[in-house]
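S.K.: Below is the sequence, then the predicted model.
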Amino acid sequence: MKLTLGLAALALVALPSLAAAQCAHDKQKQAMSCAEGTTYDSATRACVPVAS
């Protein structure tokens, strides 16, 4: 009985923290990198040549 209660308490404590870690992982974004002489244009979502 004590073991079952202990495992249930452990699950109630551990599961919310694991769920929060998963949510934080989904919010990460990878940075866009463009070749030299180009810059990222968020409107077209592409690398465009730098006007000089």
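M.R.: Arrived safely. Residues are numbered from 1 along each chain as shown.
S.K.: so when I look at residue 34, I'm seeing a strand, right?
M.R.: No: counting by DSSP: H, G, I helix; E, B strand; the rest coil, residue 34 is not part of a strand but coil.
S.K.: Without its sequence neighbours, what residue ends up closest to it?
M.R.: Leaving aside its chain neighbours, residue 34 sits nearest to residue 47 (3.7 Å; criterion: C-beta to C-beta, 6 or more residues apart in numbering). Any C-beta I mention is one placed from the backbone N, CA and C, and that applies to glycine too.
S.K.: so what's the backbone phi/psi at that neighbour?
M.R.: Note on residue 47: backbone dihedrals following degrees, to the nearest 10 are phi -80, psi 130.
S.K.: ok, it - how many residues close by?
M.R.: 15 (other C-beta atoms under 10 Å).
S.K.: what ranges do the helices span in this protein?
M.R.: 2-26 (DSSP state H).
S.K.: low-scoring pLDDT stretches of it, where are they?
M.R.: 14-15, 18-32 (pLDDT under 70).
S.K.: hmm, back to that, the residue nearest to residue 34 bridge partners, please.
M.R.: Beta bridges link residue 47 to residue 40 when assigned by DSSP bridges.
S.K.: My guess is it contacts residue 40. True?
M.R.: Yes: Residue 47 is in contact with residue 40 according to C-beta atoms under 8 Å; the separation is 5.8 Å.
S.K.: Next, work out how far apart residue 17 and residue 11 are.
M.R.: Taking C-beta to C-beta, to the nearest Å as the criterion, residue 17 is separated from residue 11 by 11 Å.
S.K.: Kindly report the same for residue 34.
M.R.: Separation of residue 34 from residue 11 (C-beta to C-beta) stands at 47 Å.
S.K.: With neighbour numbers in mind, choose between those two.
M.R.: Between residue 34 and residue 11, residue 34 has the larger neighbour count (other C-beta under 10 Å), namely 14 against 9.
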